[in-house]
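K.L.:
just a sequence and a predicted model for now, questions to come.
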Amino acid sequence: MSRRWGLLGGSLSHSFSPGFFQAKFASEGLTNASYDLFERSDAASVRSLFTDFPDLEGLNVTVPHKVAVIEHLDALTPTATAIGAVNVVRREPDGRLIGHNTDAEGFAASLRPFLTGDHDRAFVLGAGGAAAAVRFALERLGIEVVHLVRRDLPANAPFRWVRLDAIGPDIVRHYRLVVQATPVGTAPDLDASVPFPWDGVGPRHFVVDLVYNPPLSQFLRRASERGAMTLNGADMLRLQAEAAWAFWNK
């Protein structure tokens, strides 16, 4: 009997997931398993995928569908409900589709070994599902979070928002953890970078970019030039994938 998993997203040509899960299948001795890429422009396609592929047991979900997919699922785990975004879906034996979020777990695990007393306050750049998972993880680590966005502020957000152009170097000096949680700078857009007041960044800063391809984004390059410690999203990606595998196989 075949077993199938896959990834639902908008543009998947540079995805890490197929290689990771093929290696996982080999390590688990699964010779009848496959992992497919489902490039779809509409999050509603999540239901048709489970109809079209009766052996499909679960999906990873990536941009731009992490929030939009929620309305097409039957239930969410408490973690996904709290974050307001889903990056993994499991088909239950009764056919229900359950959404969960392992991004926060993966992010917290990747970050924890590097945190010091300097990192009690954080700026998170972004307003999507990944940024929401980062905020969830940081708050549970006891870190104060401020979200920075470039355009209009979201209405009725349950946490602090500020426009990116409203902060300057003097403020950045007091927020020594910076997390870039947008896709900006992902291959093939190697020269792209979210603007940031770099004059406020120094050696006591810890700058994280969830982008993992390329390993050194333009955002991290600028942070490194200012003497900051840096981390890309590769560890988070691997750790959230391990957590997704555990969720599928409960």
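P.N.:
Ah, there it is. Numbers count the residues shown, from 1 in each chain.

K.L.:
could you break this protein into its assigned domains?
P.N.:
As recorded under automatic domain parsing, the domains making up the chain are 3-101, 105-236.

K.L.:
mind listing what residue 176 touches?
P.N.:
Applying CB atoms under 8 Å, 6 or more residues apart in numbering, we find residue 176 in contact with 118, 119, 121, 204, 205, 206. Yep, even glycine has a C-beta here, placed from its N, CA and C like the rest.

K.L.:
so which helix or strand of this structure has the lowest pLDDT on average?
P.N.:
Among the helices and strands of the chain, strand 160-163 carries the lowest confidence by mean pLDDT, DSSP states H and E, at a mean of 81.

K.L.:
ok, then the element right after that strand?
P.N.:
Later in the chain than strand 160-163, the nearest helix or strand by DSSP states H and E is helix 169-172.

K.L.:
what lies in contact with the helix or strand that that next one is followed by?
P.N.:
Counting by DSSP H and E, the next helix or strand C-terminal to helix 169-172 is strand 177-180. Contact with strand 177-180 is made by 115, 118-119, 121-126, 131, 134, 138, 143, 172, 194, 196, 201, 205-211, 217, 219, 223, as judged by CB under 8 Å, 6+ apart.

K.L.:
so of these, which ones are in helices?
P.N.:
Counted as lying in helices by DSSP state H, out of these, are 131, 134, 138, 172, 219, 223.

K.L.:
going by distance to residue 243, which of these wins?
P.N.:
Nearest to residue 243 among the ones in helices among the contacts of strand 177-180: residue 134, at 15.1 Å, using CB to CB.

K.L.:
do you know how far the residue of the chain most remote from its centre is from residue 209?
P.N.:
The outermost residue of the chain, judged against the average C-alpha position, is residue 1 (32.2 Å), by CA atoms, centre = their mean. Noted for residue 1: a distance of 41 Å to residue 209, by CB to CB, to the nearest Å.

K.L.:
low-confidence ranges in this structure?
P.N.:
Counting by pLDDT under 70, the chain has low-confidence residues at 150-159.

K.L.:
show me the strands in it, by range?
P.N.:
Applying DSSP state E to the chain gives strands spanning 3-9, 33-39, 56-61, 75-76, 88-91, 97-100, 121-125, 144-149, 160-163, 177-180, 206-209, 229-231.

K.L.:
from the contacts of strand 177-180, which would you call buried?
P.N.:
Buried members of the contacts of strand 177-180, scored by 16 or more other CB atoms under 10 Å, are 115, 119, 122-126, 131, 134, 138, 143, 172, 194, 196, 201, 205-211, 217, 219, 223.

K.L.:
before we move on, back to that, which residues sit in contact with the residue farthest from the centre of the chain?
P.N.:
32, 55.

K.L.:
distance between stretch 14-23 and the chain's centre?
P.N.:
Offset of stretch 14-23 from its chain centre (CA atoms, centre = their mean, to the nearest Å): 16 Å.

K.L.:
next one: stretch 182-202
P.N.:
Centre-to-centre, stretch 182-202 and its host chain are 16 Å apart (CA atoms, centre = their mean).

K.L.:
by contact count, what packs against the helix ranked longest in the chain?
P.N.:
The longest helix of the chain (DSSP H) is helix 234-248. For helix 234-248, the packing partners by 3 or more CB pairs under 8 Å, 6 or more residues apart in numbering; DSSP states H and E come out as helix 17-28, strand 56-61, strand 88-91, helix 103-111.

K.L.:
buried set for it?
P.N.:
Residues of helix 234-248 classed as buried by neighbour count (16+ other CB under 10 Å): 235-245, 247-248.
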